[in-house]
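Asks: Give me a model of this one.
(one chain, ligands or ions: 1)
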Amino acid sequence: MSEAFDAVDVIVSKRERGELSDAQIDWVVDAYTRGVVADEQMSALAMAILLNGMSRREIARWTAAMIASGERMDFSSLSRPTADKHSTGGVGDKITLPLVPLVAACGVAVPQLSGRGLGHTGGTLDKLESIPGWRATLSTTEMVAQLEDVGAVICAAGDRLAPADKKLYALRDVTGTVEAIPLIASSIMSKKIAEGTGSLVLDVKVGSGAFMKDVHQARELAETMVALGTDAGVTTVALLTNMQTPLGLTAGNALEVRESVEVLAGGGPEDVVELTLTLAREMLAAVGRTGVDPAEALRDGRAMDVWKQMIRAQGGDPDAALPVARHTHEVRVPADGVLTQLDALKVGVAAWRLGAGRARKEDPVQAGAGIEMHAKPGASVRAGERLLTLHTDTPDKFDRAIEALDGAFYIAPDGSRPDLLPLVIDRIE
Ligand code: URA
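Replies: Residues are numbered from 1 along each chain as shown. Below is the predicted model of the structure:
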């Protein structure tokens, strides 16, 4: 078949800061999915996009072309409205686990298609797979039935959802082109629009443990994604939230499930509870349920009931003991004072090195590995107390994890007041 364009012409056009036409974008995304545009050509184009950017029109068209590369799901047959949330990823970010059953307990169906972790941020599926028996893969029929019966599904995105993105994301990962805002926005939104949710709340993380290290970049990403969602008919809002320090007191798969269950039982760390409730209120507002208080559903056990049903529906035993790592190592507070900093990226890299994350997508993860934190920035601490507990099945990993923690925390003299960013920095709609 003769091709409508030449890949080199498209690359050169973007290299020279040109705007790609709709027809060029449709062709290049489709031809890449078909294997006609080679990986090295798409790498060059991705780098040109990273360096020279894209207009809003180009991003919208690129997103539409990625959606068109696969199937769109349709939940319009459900008896309840649908809402989903997406986080751009952070250390200790287990919010999906309590949030999905909580929102479902408030009468909204949540079709959460998730991924596995790569690098220092954990993947939701890896966390849930630490629950004995739980399976990530569901057919579309099973997913729709579970959404109708339970209201909550967290499962793996199938191969037919935006396959162009799957291929391009793997390429960006190895060519230094992940950080391009047009490519991140189109990657995330193509999957969420194809997933078929009626409304979407985006949690755009800002800080050392996030893709976006500063608020200006995060705001640009959030505004781009909100515009893409809104134009596609999905009610979309974004919160910019703090990822300077890890969320909650755990980073690691089973450790994070345990903490999420504490939240569902009405306890858990303050920041995890606050962000879960804030995102739940946004999701409920997006489908017009402003009169429903999600805090009530946490307090009275309805969210926990939905969690157990959701885990059982996917073969898991919500009451089974979670895996525990065989070895631990304590990092102790070096001096009396106030903990003013606990760096998300360094904690995330250390947890990853302990075995909680993977370097290549086919690597296994250790369910029990990770880090428990015993204090958060702002806390008063005493010399010799436990600050961090490192968990792993493979104790030869401790040295490299401890190296990653070099400079991860700072203890200021007693009476110091750390200058901390709020948990929710901004809201964009
Ligand atoms: N998550 C995605 O799904 N895509 C990106 O490009 C970045 C984060």
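Asks: drop to CA atoms for contacts and neighbour counts, all remaining ones
Replies: Noted.
Asks: Helix or strand: which one has residue 341?
Replies: If you go by DSSP states H and E, residue 341 is part of strand 337-342.
Asks: An error on my part: the question was meant for residue 328.
Replies: strand 327-332.
Asks: got the buried residues for that strand?
Replies: For strand 327-332, a neighbour-count test (16 or more other CA atoms under 10 Å) marks residue 328 as buried.
Asks: Looking at the stretch 51-200 of the chain, which residue is nearest the ligand?
Replies: Residue of the stretch 51-200 of the chain nearest the ligand, by CA to the nearest ligand atom: residue 184 (3.5 Å).
Asks: Could you give the number of residues near that residue?
Replies: A total of 20 residues lie near residue 184 under the criterion other CA atoms under 10 Å.
Asks: That one falls within a helix, correct?
Replies: Yes: per DSSP: H, G, I helix; E, B strand; the rest coil, residue 184 lies within a helix segment.
Asks: Going forward, the N-terminal residue is numbered 22.
Replies: Renumbered: residue one is now 22, and that last one reads residue 205.
Asks: pLDDT wise, what is it at?
Replies: The model reports residue 205 with a pLDDT of 95.
Asks: by contact count, what packs against the strand holding residue 349?
Replies: Applying 3 or more CA pairs under 8 Å, 6 or more residues apart in numbering; DSSP states H and E, one finds that strand 348-353 contacts strand 407-413.
Asks: tell me the angle the strand it packs on makes with strand 348-353.
Replies: Interaxial angle, strand 407-413 versus strand 348-353 (axes from the mean of the first three to the mean of the last three CA atoms, to 10 degrees): 160 degrees.
Asks: Within its sheet, name the partner strands of strand 407-413 and how each one runs.
Replies: strand 348-353 (antiparallel), strand 391-394 (antiparallel) (DSSP bridges).
Asks: in the next helix-or-strand element following it, what's buried?
Replies: Sequence order places helix 419-425 as the next helix or strand after strand 407-413, per DSSP H and E. Across helix 419-425, burial judged by 16+ other CA under 10 Å covers 419, 422, 423, 425.
Asks: Kindly present those as CSV, with separate columns for pLDDT.
Replies: Formatted as CSV, those follow (pLDDT from 0 to 100):
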residue, pLDDT
419, 98
422, 98
423, 98
425, 98
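Asks: what two of these are the furthest from one another?
Replies: 419 and 425 (9.9 Å; CA to CA).
Asks: Now residue 280: which helix or strand?
Replies: Going by DSSP H and E, residue 280 is in helix 274-285.
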